[in-house]
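Asker: sequence first, predicted model second:
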Amino acid sequence: MKQYRFALIGCGRISKNHIAAAIANRDIMKLAAVCDPVTERAEKKAADLFAGTGEKPAVYADYHKMLQEMDLDCCAIATESGYHARIALDCIRAGKHTLVEKPMALSTADAEQMIREAKEHGVTLGVCHQNRFNAPIRQLHKALENGRFGKLVSGSARILWNRTMPYYEQAPWRGTWAQDGGTLMNQCIHGIDLLQWSLGGEPDTVMAMTGNYLRKIEAEDFGAILIRFKNGAVGMVEGTACIYPKNLEETLSVSGATGTAVIGGLAVNRVETWNFSAPAAQDAEVAKLAGTDPKDVYGSGHNALYRNFITAADTRTEPLVSGAEGIKGMKIILAAYKSQKTGLPVKFDGLEFSTLDMTHDDVKVE
Ligand SMILES: NC(=O)c1ccc[n+]([C@@H]2O[C@H](COP(=O)([O-])OP(=O)(O)OC[C@H]3O[C@@H](n4cnc5c(N)ncnc54)[C@H](O)[C@@H]3O)[C@@H](O)[C@H]2O)c1
């Protein structure tokens, strides 16, 4: 496989995982440019990459100029969420395979346009739901693919985290409807993606209660969601940025007629329960994982996600987290927002909604 030439657009908090992925995958990719209007951030990432690979990428403040001047195959986008759709569409129209941080967009219309245009321009679109690559989650999916759970009944995603005011003040776009959404859209979307993926990937109806309780932000800092899937299974989400005094857990549970699995720890990376009616060869591999739990809430899934994305671009196949997959978690959250706003259950198919349809009054808790 050739070495794919990447640019990273956005060099803030999460960019370190993209740099680490570029270093880990340097046999098949070369991070040729880094871009951020705050050029010292881009310079810092260029230095980090140099320390890991001995190669210095070009540094840009303006991605339009970068797209014109650089010979690139792929762009990775890690800016404020509210800019993802605009920048992704510019990259797609420039013929670049595009990997975008989560959430891929903040409205169903934008996400659908990204998927449509990526297809029209013949480029690969991927979304950074890196937790799908966590070793215990891969095992859970192997068990699902092999039918070990039997008829699926229910599952839950519990994201019991803490984000304090300094976190929001450090980057004022966080917690705003225009640029981010609340804790469901920012922190909980990974868990929600895993839940929908595990329960069949075809949501039917979404009901939610959300609220802004403790943090002085526009959007919600807590949300509870119920999802009925087309196969009848029910998913439950408890998502919060308000857990006292610090991050407690992110846990996915899946339960069926002949199996139950719970993957927990700080960020869905520790096997907690693994019970199946019939033993299988994978159980020995799962036993080896028991007790491990990486400290970093972002995990190290970006490395595997990049490799999967590049392989998909190279073989003209869909990456594990394609645009069509990435839209689902985002759309469940937009359905939850609509349900909170209207007080009614929301049908998933045909939903058209945006974070901009929400106001602080929709989530204010007196
Ligand atoms: N996958 C994950 O686990 C994970 C974790 C954290 C954040 N994220 C996502 O990554 C994105 C960035 O989050 P963050 O916490 O790193 O934000 P941040 O505010 O720390 O960084 C965003 C950076 O993008 C830059 N930027 C803005 N406009 C730009 C443009 N036109 N061109 C180039 N750069 C531009 C900003 O100057 C800033 O440096 C968000 O969408 C967030 O939801 C994902």
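Answerer: Nice, thanks for sending it over. Residues are numbered from 1 along each chain as shown.
Asker: for the ligand, what is the nearest residue in this protein?
Answerer: G12 (1.8 Å; CB to the nearest ligand atom). The way it works is simple: take the backbone N, C-alpha and C, and place the C-beta from them, glycine included.
Asker: check whether stretch 28-37 comes near the ligand.
Answerer: Yes. Judged by CB under 6 Å from any ligand atom, stretch 28-37 comes into contact with the ligand at C35, D36, P37.
Asker: would a markdown table of these with pLDDT and secondary structure be doable?
Answerer: Formatted as a markdown table, the residues of stretch 28-37 next to the ligand follow (pLDDT from 0 to 100; DSSP: H, G, I helix; E, B strand; the rest coil):
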| residue | pLDDT | secondary structure |
| --- | --- | --- |
| C35 | 98 | strand |
| D36 | 98 | coil |
| P37 | 98 | coil |
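Asker: of those residues - the most surrounded one?
Answerer: Top of the residues of stretch 28-37 next to the ligand by neighbour number is C35, holding 29 neighbours under the definition other CB atoms under 10 Å.
Asker: list the contacts of that one.
Answerer: Going by CB atoms under 8 Å, 6 or more residues apart in numbering, C35 touches A7, L8, I9, G10, C11, A42, V59, Y60, A61, D62, Y63, M66.
Asker: show me what it is bridged to.
Answerer: I9, Y60 (DSSP bridges).
Asker: which residues touch stretch 139-147?
Answerer: Counting by CB under 8 Å, 6+ apart, 132, 149, 197-198, 252, 254, 259, 261, 263, 271, 276, 280, 282, 285-286, 289 sit against stretch 139-147.
Asker: what about 6 Å?
Answerer: Stretch 139-147 is contacted from outside by A261, Q282, V286, using CB atoms under 6 Å, 6 or more residues apart in numbering.
Asker: cool, and stretch 41-48?
Answerer: So stretch 41-48 is contacted by C11, S15, I19, V34, D36, K56, P57, V59 (CB under 6 Å, 6+ apart).
Asker: so how many other residues sit close to the residue of the chain closest to the ligand?
Answerer: Counted with other CB under 10 Å, G12 comes out at 16.
Asker: please report how far it lies from Y83.
Answerer: In this structure, G12 and Y83 are 12 Å apart, going by CB to CB, to the nearest Å.
Asker: now do I332
Answerer: Taking CB to CB, one finds I332 at 22 Å from Y83.
Asker: so which of the two has more stuff around it?
Answerer: Remark: of I332 and Y83, I332 carries more neighbours, 26 against 17, as counted by other CB under 10 Å.
Asker: wait, a strand at the more buried one?
Answerer: No. Looking at I332 with DSSP: H, G, I helix; E, B strand; the rest coil, it is helix, so not inside a strand.
Asker: near the ligand, which residues of the chain show up?
Answerer: Counting by CB under 6 Å from any ligand atom, the chain sits next to the ligand at 9-14, 35-38, 41, 63, 78-81, 83, 101-102, 128, 130, 171, 186, 298.
Asker: one more pass at 5 Å, please.
Answerer: Proximity of the chain to the ligand, by CB under 5 Å from any ligand atom, involves residues 9-10, 12-14, 35-36, 38, 41, 63, 78-79, 81, 101, 128, 171, 298.
Asker: buried subset of those?
Answerer: Among the residues of the chain next to the ligand, those classed as buried by 16 or more other CB atoms under 10 Å are 9-10, 12, 35-36, 41, 63, 78-79, 81, 101, 128, 298.
Asker: show me where the stretch 1-150 of the chain dips below the pLDDT cut-off.
Answerer: Within the stretch 1-150 of the chain, no stretch has pLDDT under 70.
Asker: the helices in it, which residues?
Answerer: Assigned by DSSP state H, counting those that start in this stretch, the helices in the stretch 1-150 of the chain fall at 15-24, 39-53, 63-69, 84-93, 108-120, 135-145.
Asker: now those in TSV, with distance to D180?
Answerer: Shown next, in TSV, are the helices of the stretch 1-150 of the chain (distance: least, CB to CB, whole Å):
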stretch	distance to D180
helix 15-24	17
helix 39-53	19
helix 63-69	20
helix 84-93	11
helix 108-120	14
helix 135-145	25
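Asker: domain-wise, how is this protein divided?
Answerer: 4-131+301-322, 134-294+328-363 (automatic domain parsing).
Asker: now, which of the contacts of stretch 41-48 sits nearest Q179?
Answerer: D36 (15.9 Å; CB to CB).
Asker: residues touching the closest one, list them.
Answerer: C11, A42.
Asker: quick one: it and A280, what's the gap?
Answerer: Distance from D36 to A280, by CB to CB: 47 Å.
Asker: perfect, that will be all.
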